[in-house]
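In: Pasting the sequence and the predicted model now:
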Amino acid sequence: MTPLSLLASGFLGITLAMGNPFSVPSTLSRVDISQRLPAFQLRTLQGTPVHSNELAGRVLILNFWATWCGPCKEEMPSLERLRQKFPPNQLAILAVTTDIRPQEIKVFWQQLELHFDVLLDEQEELSQALMVRNLPTTVIVDTHGHLSQRIMGPREWDSPESVAYIHNLLSPK
Amino acid sequence: MIRPVLFGATSVVLSIGLGGVVSLALGAEPSVSMMQAGPKHIIDHKGMQTTGPMAQLDTDGTLHLAWGGEKQEERGVFHLKVPPQQEEYPEPTKVNPSKPPAASLHEPPALALGHNNDVYLTWTTPHPNAGGKPFANLLLLSRSIDGGKTFLPPVQVNDDKAVTGHSFDNLTVSPNGSVHISWLDAREGKKDPATYTVVSQDQGHTLSPNLKIDESSCVCCRTHMTTASDGTVYLAWRKVLSGAVRETVVSRSTDNGKSFSPPVIVGHDQWVFEGCPHRPATMGVDQHGRLYVTWYTEGPDDTPGVYLAYSDDQGKTFTPRRLLNMSKGTFPDHPQLAVNQAGHLLVSWEEQSPVRREVVFTYSLDRGQTFSAPSKLNEKKAKSPAVALNDAGQAVIAWSEQVVFPAWSTVVQPLSFPTSRTAQLHPIP
């Protein structure tokens, strides 16, 4: 998918109805669930490059956040608990930020005992490609690399409904 | 380091590419030829990562810019003063001493000009006792009483001991010289912070006790303040109402900041969102006391919009909101407003798509009744515009632009509004 096609489809304003685990209040909009995740290569907090190709075959959760965003930090523990419910070859969680404060983030990560990677989106390219405009915004990508959900605002990521949603992406019925 | 980009002459008629982003006029369009644009200036930050700029103009056209910057272990707040007609920009002055450092690059310092060429800036520093709270900070006020040549040691603004956030600040100087500061404060430990203010009546030397204005403020939308010529002080913030509804609200003080009125909802946007919009409202007042407000919101259908409303009764009521952007395939973001006594309005914002990021502006010569078609300003990827406009009709838009990828430079575009005589010769349709 080209970024432009994402744009074109995005602004059709597809608003998903209730009945999904991330609703109430649901603001799932401007993502075409049939489109592919744009390719990206970013570095982790530790400097390790991560290419989107490496993530294929797994459900991918891209959680966009910032250090100044209280609701973002509040939902982080539930993302960690969600991570623990799946083996790494089934689910990858990446916390993406344009707020480049490595030292503070390292301290925060250690405090909360978070074990998923932080990606530094220094040029804001991934954030822009996915039209992230509010935080937290979470994009869920299925095992085939297609955008599945876009959630604005914090959620309880380890709720039974959320876990079931990930299971369903891994083994669609 | 800082070089002007000359477009052939020292001043050219503004004809910036109207086809760049959006091209629909909002109501009757003022004559674009009445706006003059000077040469752009590009500030190269020499590898320093910076915030977007803040901008102010003195009555004589002296430009003041401020930004936050980080390079290796150095985090600073910088101020740049440019006299009128000066083509070569001088080096910026570092505002903060080496300790305490500036805290973050997510927003620029707030900047205001006072009497006698005083310069005031607010900025945050990491809390010295942060311990296990790496994002806790203190709000500081820096001031220059020699026209920006030097800055006095900063004064702490928040008067509490809580190891938490004190940021999303703004400030304004009222006609009597009082310095009013606002910010979001999490000292009470609630989910949503409160909005606070202080006032200084001695050029920032001492501050009044912190005054809590309202609870349940949107956690990361910057506050904004402005003053009218009669001394009325206005304060805007984004309030969280029942059901996670986010509304831009305005409160006013008619007693020099001792007390503020209950907040009034400006746009009735009904935007439900539980996260961080991270976008402030901005305001300005003309000589007749008309209060103008611009802000970003999405509303029930999640459609981003940049809006304007105004009040002719000191913020007790507002006109219906008016959409300023006419975006097609992009979404508008981060609007900034400047107003002068004549009722000229200058509004700049971003237009974003997955592959483009533009800075555009529009203006009004008739107190917000009609606006020019939004015009694109940047050539490369750009963001974070700031606007300034004085009573002589001199204006500046400054923004961050990737002039040479991947570094972000600050670009400055001087503009001149028509004088009142020119405006009379070219009546608005």
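Out: Nice, I can see it. Numbering: from 1, shown residues only, chains lettered A, B, ... in the order given.
In: next helix or strand past the lowest-mean-pLDDT helix or strand in chain B?
Out: Ranked by mean pLDDT, DSSP states H and E, the weakest helix or strand in chain B is strand B:12-13, scoring a mean of 34. The C-terminal neighbour of strand B:12-13 among helices and strands, as given by DSSP states H and E, is strand B:36-37.
In: With just CA atoms, put the helix or strand that that next one is followed by into CSV.
Out: Next helix or strand after strand B:36-37 toward the C-terminus (DSSP H and E): strand B:40-43. Taking C-alpha atoms only, strand B:40-43 is exported to CSV below (Å, rounded to 0.1, in the frame of the first residue of the first chain):
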residue,chain,number,x,y,z
LYS,B,40,12.3,34.6,4.5
HIS,B,41,15.0,33.9,7.1
ILE,B,42,16.3,30.5,7.9
ILE,B,43,17.7,29.7,11.4
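In: which one is A:Leu37 nearest to, not counting chain neighbours?
Out: A:Val141 (4.9 Å; C-beta to C-beta, 6 or more residues apart in numbering or on different chains). Any C-beta I mention is one placed from the backbone N, CA and C, and that applies to glycine too.
In: repeat for B:Gly147
Out: In space, and not counting its chain neighbours, B:Gly147 is closest to B:Asn117: 3.8 Å by C-beta to C-beta, 6+ apart.
In: where does the one you found fall, phi/psi-wise?
Out: Main-chain torsions, B:Asn117, degrees, to the nearest 10: phi 60, psi 20.
In: Quick check: it vs A:Pro154, distance?
Out: According to C-beta to C-beta, to the nearest Å, B:Asn117 stands 46 Å off from A:Pro154.
In: circling back to that earlier point, who touches the residue nearest to A:Leu37 in this structure?
Out: Contact analysis of A:Val141 by C-beta atoms under 8 Å, 6 or more residues apart in numbering or on different chains lists A:37, A:55, A:59-62, A:147-148.
In: Reformat those residues as CSV; add secondary structure, pLDDT and neighbour count.
Out: CSV is the format used below for these (DSSP: H, G, I helix; E, B strand; the rest coil; pLDDT from 0 to 100; neighbours: other C-beta atoms under 10 Å in any protein chain shown):
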residue, secondary structure, pLDDT, neighbour count
A:Leu37, coil, 94, 23
A:Leu55, helix, 94, 18
A:Val59, strand, 97, 21
A:Leu60, strand, 97, 22
A:Ile61, strand, 98, 24
A:Leu62, strand, 98, 26
A:Leu147, strand, 93, 24
A:Ser148, strand, 92, 21
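In: Bridging across strands, which residues link to the residue lying closest to B:His268 once chain neighbours are set aside?
Out: Counting by C-beta to C-beta, 6+ apart, the nearest residue to B:His268 once its immediate chain neighbours are dropped is B:Glu247, at 7.0 Å. Note on B:Glu247: beta-bridge partners B:Lys239, judged by DSSP bridges.
In: Is B:Asn116 part of a helix or strand, or is it coil?
Out: Following DSSP: H, G, I helix; E, B strand; the rest coil, the label given to B:Asn116 is helix.
In: Can you report how many residues neighbour the residue lying closest to it once chain neighbours are set aside?
Out: Leaving aside its chain neighbours, B:Asn116 sits nearest to B:Ile145 (7.3 Å; criterion: C-beta to C-beta, 6+ apart). When neighbours are defined as other C-beta atoms under 10 Å in any protein chain shown, B:Ile145 has 18 of them.
In: again with the one 10 residues further on
Out: Other residues near B:Val155 come to 16 when the count uses other C-beta under 10 Å.
In: tell me the contacts of it?
Out: For B:Val155, the contacting residues are B:140-143, B:204-207, by C-beta under 8 Å, 6+ apart.
In: Dump these to JSON lines, plus pLDDT and distance to chain A.
Out: Output for the contacts of B:Val155, formatted as JSON lines (pLDDT from 0 to 100; distance: C-beta to the nearest C-beta, whole Å):
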{"residue": "B:Leu140", "pLDDT": "97", "distance to chain A": "17"}
{"residue": "B:Leu141", "pLDDT": "98", "distance to chain A": "20"}
{"residue": "B:Ser142", "pLDDT": "97", "distance to chain A": "21"}
{"residue": "B:Arg143", "pLDDT": "97", "distance to chain A": "25"}
{"residue": "B:Gly204", "pLDDT": "96", "distance to chain A": "25"}
{"residue": "B:His205", "pLDDT": "96", "distance to chain A": "30"}
{"residue": "B:Thr206", "pLDDT": "97", "distance to chain A": "29"}
{"residue": "B:Leu207", "pLDDT": "98", "distance to chain A": "24"}
